[in-house]
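>>> fold the stuff below for me.
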Amino acid sequence: MYSRKLKEAETAYTFDDFLLVPQASLVEPKDVIIKSRVSKNHEINVPIISSAMDTVTESEMAIAMAQEGGLGIIHRNMSIKDQVEQVKKVKRSGDLTIRDVITINPDASLREAHEIMEREGISGLPVVDNGKILGIISRRDIEPIINSEAEKKVEEVMTKEV
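Numbering: from 1, shown residues only. Sure thing, here's the model as predicted:
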């Protein structure tokens, strides 16, 4: 079947038909999106999933994969209790303390909040007034309305139940 397809092909290439010039590219690496959807509601940033084998993936590998944007699947060759412990270790590894937190005042505009998020490469800002946390504002709160309500105050849109 393959040989028939090959004979009927209009054009066929071999490795010698291509020349790759070192360091040549039409796109910048930072502009390449390699996200992969792994379920209806979840994407990973790097299309790499470690094997669910006992010699490959336990919590340590799953943590390393997650930190790089991939996915590590804990193997099943252990008791359910041990599997739960492995998953807990992975989940806890994401609980990192952020130092030098960037905050915003409740009287700031949505435009200001959006500009800070863009400049700093972050997706949310704690809303603080006189050292007291009042809420949080995220890109998801801002982006649907930024073009029409950019001067609206952060306190009008922020999530208050934090």
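>>> check which helices and strands the single longest helix found in the chain is in contact with.
The longest helix of the chain (DSSP state H) is helix 80-93. Helix 80-93 is packed against helix 59-67, with contacts defined by 3 or more Cβ pairs under 8 Å, 6 or more residues apart in numbering; DSSP states H and E. Every C-beta, even on glycine, is put in place using the N, C-alpha and C of the backbone.
>>> show me the domain layout of the chain.
35-93, 110-157 (automatic domain parsing).
>>> pull out the buried positions in the longest helix of the chain.
Residues of helix 80-93 classed as buried: 86, 90 (neighbour count, 16 or more other Cβ atoms under 10 Å).
>>> rounded mean pLDDT for it, please.
Helix 80-93 carries an average pLDDT of 90.
>>> now the domains of the chain as a markdown table including distance to K5?
Putting the domains of the chain into a markdown table (distance: least, Cβ to Cβ, whole Å) gives the following:
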| stretch | distance to K5 |
| --- | --- |
| domain 35-93 | 28 |
| domain 110-157 | 47 |
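>>> out of the ones you listed, which comes closest to Y2?
Smallest distance to Y2 across these (Cβ to Cβ): 27.0 Å, for domain 35-93.
>>> point to the residue nearest the middle of this structure.
N45 (5.1 Å; Cα atoms, centre = their mean).
>>> before we move on, back to that, now do the buried residues in whichever helix or strand comes after the longest helix of the chain.
Per DSSP states H and E, the first helix or strand lying C-terminal to helix 80-93 is helix 110-120. Residues 110, 112-114, 116-117 are the ones in helix 110-120 that count as buried (16+ other Cβ under 10 Å).
>>> contact partners of the worst-scoring helix or strand of the chain on mean pLDDT?
When the helices and strands of the chain are scored by mean pLDDT, DSSP states H and E, helix 2-8 comes last with a mean of 77. Residues from elsewhere that reach helix 2-8 (Cβ atoms under 8 Å, 6 or more residues apart in numbering): A12.
>>> cheers, nothing more for now.
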